[in-house]
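K.L.:
need a structure here:
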Amino acid sequence: MKQEFELKAALADGGVSLRRRMAAAGWRLVFEGEMSDRRYDTPDRSLEGRDEVLRVRRMTAAGEHRAVLGWKGPASERLGYKVRAEAETPVDDAETTVRILERLGFTEITLAIDRRVELYEKGGVRVRIEAYPRMDTLVEIEGDPRAVDERLPELGLPREAWKPWGLPEFVCRYEERTGLTARLATAAADDGPTAADDG
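P.N.:
Next comes the predicted model:
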């Protein structure tokens with residue numbers, strides 16, 4: 001099963017300087033559009049208790065839609081990276097996939113996330129810039145740790161800015177710094193839990 005190695009950082013300028021650096025270094029934009037995640041669990045949150053994630057992700061760009069069903073195992077830290085086992089598969093019909101999950105007992109939405117994203121690739125490494133309704137813009141880098149370490153200088157952020165954190169830690173930092181409540185989902189989804197509720 002695939003092992004996901006990733007780091008995240010907050011972008012003070014919304015990613016303006018990062019985009020400029022990536023363009024100069026030859027990174028290729030492979031997706032730009034909306035990305036929505038819904039995390040599902042049983043009513044007693046058995047997956048959360050095992051630090052597992054069951055997710056339906058929808059991606060929309062230029063009027064085209066696609067969806068991915070994904071599972072992630074418990075998170076750990078290795079070589080300074082956040083590491084999780086991950087399995088994903090494309091699905092043709094997100095709504096039917098959700099109905100199947102619900103019939104299997106996964107009726108609880110534990111986290112709703114909606115953001116505008118840009119996804120870049122270079123040399124087997126992926127970088128994703130994420131703009132939320134109300135929260136810091138984040139950048140995530142993912143790939144083999146040796147390849148990521150080679151690419152990090154191209155992005156212009158100091159190594160200490162990159163954290164092996166999940167989204168809840170960035171939400172807490174944002175809220176402590178600004179005194180505002182982070183908003184990770186669009187208005188239609190705001191009745192659901194926030195990342196700060198997610199552990």
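K.L.:
element containing the residue lying closest to A94 once chain neighbours are set aside, please.
P.N.:
Distances taken as Cβ to Cβ, 6 or more residues apart in numbering place A67 nearest to A94, at 3.7 Å, with adjacent residues excluded. For the C-beta atoms, the positions are set from N, CA and C on the backbone; glycine is no exception. For A67, the host element (DSSP states H and E) is strand 64-72.
K.L.:
hmm, back to that, how many neighbours does the residue nearest to A94 have?
P.N.:
Using other Cβ atoms under 10 Å, A67 has 19 other residues around it.
K.L.:
and the residue of the chain most remote from its centre, its phi and psi?
P.N.:
Going by Cα atoms, centre = their mean, the residue of the chain most distant from its centre is R103, 26.2 Å out. When read as degrees, to the nearest 10, the backbone of R103 gives phi -70, psi -30.
K.L.:
surely the residue nearest to A94 is in contact with T96?
P.N.:
No - counting by Cβ atoms under 8 Å, A67 sits too far from T96 to count as a contact (10.0 Å).
K.L.:
beta partners of the residue nearest to A94?
P.N.:
Beta bridges link A67 to R58, V91, judged by DSSP bridges.
K.L.:
about what we covered before: each with direction, which strands does the next helix or strand after the strand holding A67 pair with?
P.N.:
Moving toward the C-terminus from strand 64-72, the next helix or strand (DSSP H and E) is strand 76-78. The pairing partners recorded for strand 76-78 under DSSP bridges are strand 81-91 (antiparallel).
K.L.:
so for the partner strand, mean pLDDT?
P.N.:
In this model, strand 81-91 has an average pLDDT of 97.
K.L.:
can you give me the buried ones in that strand?
P.N.:
Using 16 or more other Cβ atoms under 10 Å as the test for burial, strand 81-91 gives Y81, K82, V83, R84, E86, V91.
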